[in-house]
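Pasting a predicted model and its sequence here:
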Amino acid sequence: MFALPHNRPAVMGILNVTPDSFSDGGKHYGLHVAIDAARRMIDEGADLIDVGGESTRPGAEPVEAEEEVRRVLPVVEALAASHIAVSVDTTKPEVARLALGAGAQIINDVSGLRDPRMRSICLNHRCVVCLMHMLGEPRTMQASPRYPRGVVAEVRESLFEAAERVRMDGIDRDHIWVDPGIGFGKTTDHNLSLLRSLGEIVSLGYPVLVGVSRKAFIGRLLRTHEDPLPPDQRLEGTLAVQVLAQSWGAKIIRAHDVQAARRAVDVTAAILGM
């Protein structure tokens, strides 16, 4: 099982083997290109690589399981054979089953393991699971998201219930991470409220993963005139949020720009005396 570092957050490198992800769609689409990119991220300081074969950007259409397996499985096999810790970003039980059989150690499920088949597969493989909060589904999640009782309270409650559900199915507490799902069915104000109150999520007692890398709310905060900054110009804003999330208790930082994130994490850890 993948073990988190004791003295600083883990940096999770993002490897999207898709043609349509919001920031790097198509960039790592192809086996040899993807493997080279993963090895480069490890050299830059990533602790693990999160492989995704289906875009979860707002408005994204679902991909058939067979196609997702075709994209993901050869990459997982190659990285695991090189003793690289691999997470797989999927909501599909069949993809998870094959990826875990090929050597993946973590299932990063944006639907929070709602599918009982996914929970059974993860239990059988004794892998780490990351439970993310998402309002709705990627295709519709940004269509006027609302939280009548407040975004922090509702996200915290949802993550607590998801963690209890997987524990009742037999998954060990030590194998559970949680993710508030920044940008998944949230407005900019929702995202900022969740980040300011990250301690409420940390208080659940599970390692907290924060994924803010290059996200749209950062582009909106850094807008020039009326236009948000594009994804490739959001590095400084991303690092600011990642450092604050670390100081508020995040244990896993999911990043496109691994070298920059690693350096920021390490300096922050030194200042905080972690």
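Okay, I see it. Numbers count the residues shown, from 1 in each chain.

which residues in the stretch 1-150 of the chain form strands?
Here the stretch 1-150 of the chain has its strands, by DSSP state E, counting those that start in this stretch, at 10-16, 48-52, 86-89, 106-109, 128-132.

Walk me through which strands the fourth one pairs with, and which way each runs.
Using DSSP bridges, strand 106-109 pairs in its sheet with strand 86-89 (parallel), strand 128-132 (parallel).

Kindly state which of the strands of the stretch 1-150 of the chain is positioned closest to Leu272.
The closest of the strands of the stretch 1-150 of the chain to Leu272 is strand 10-16. By Cβ to Cβ, the value is 15.5 Å. C-beta: built from backbone N, CA, C; applies to glycine.

so what strands line up beside the closest one?
Checking strand 10-16 against DSSP bridges gives partners strand 48-52 (parallel), strand 252-255 (parallel).

So which residues make contact with the first one?
What it means is strand 48-52. 2, 10, 12-18, 21, 34, 38, 41-42, 72, 75-76, 79, 84-90, 99, 104-106, 108, 254 (Cβ atoms under 8 Å, 6 or more residues apart in numbering).

Check the strands paired with strand 106-109 for me and report the most buried one.
Comparing those by mean neighbour count (mean count of other Cβ atoms under 10 Å), strand 86-89 ranks first with a mean of 28.

what about the residue nearest to Trp177 when sequence neighbours are not counted, distance to Gly53?
Nearest non-adjacent residue to Trp177, counting by Cβ to Cβ, 6 or more residues apart in numbering: Cys130, 4.3 Å away. As judged by Cβ to Cβ, to the nearest Å, Cys130 and Gly53 stand 16 Å apart.

for Glu161, same thing?
28 Å.

Pick out whichever of those two has more residues nearby.
Between Glu161 and Gly53, counted using other Cβ atoms under 10 Å, the more crowded position is Gly53 (26 against 11).

of all the strands paired with strand 106-109, which lies closest to Ser197?
Nearest to Ser197, of these and by Cβ to Cβ, is strand 128-132 at 17.0 Å.

Measure how far the helix or strand following the closest one is from the centre of its chain, please.
Next along the chain after strand 128-132, taking DSSP states H and E as the criterion, comes helix 151-168. From the chain centre to the centre of helix 151-168 is a distance of 17 Å (Cα atoms, centre = their mean, to the nearest Å).

same check, this time on stretch 39-57
Centroid displacement of stretch 39-57 relative to its chain, using Cα atoms, centre = their mean, is 10 Å.

before we move on, what about stretch 233-242?
Between the centre of stretch 233-242 and the centre of its chain there are 16 Å (Cα atoms, centre = their mean).

who touches Arg262 in this structure?
Under the criterion of Cβ under 8 Å, 6+ apart, the neighbours of Arg262 are Val11, Glu44, Gly45, Ala46.

Touching, Pro138 and Ser55? I think so.
Yes - at 7.5 Å, Pro138 and Ser55 qualify as touching, with contact defined as Cβ atoms under 8 Å.

Report the contact partners of Cys130.
Listed by Cβ under 8 Å, 6+ apart, the contact set of Cys130 reads Ser87, Ile106, Ile107, Asn108, Asp109, Trp177, Val178, Asp179, Leu209, Ile252.

Using JSON lines, lay out these together with distance to Phe217.
Below are those laid out as JSON lines (distance: Cβ to Cβ, whole Å):
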{"residue": "Ser87", "distance to Phe217": "23"}
{"residue": "Ile106", "distance to Phe217": "25"}
{"residue": "Ile107", "distance to Phe217": "26"}
{"residue": "Asn108", "distance to Phe217": "20"}
{"residue": "Asp109", "distance to Phe217": "22"}
{"residue": "Trp177", "distance to Phe217": "22"}
{"residue": "Val178", "distance to Phe217": "20"}
{"residue": "Asp179", "distance to Phe217": "16"}
{"residue": "Leu209", "distance to Phe217": "17"}
{"residue": "Ile252", "distance to Phe217": "20"}
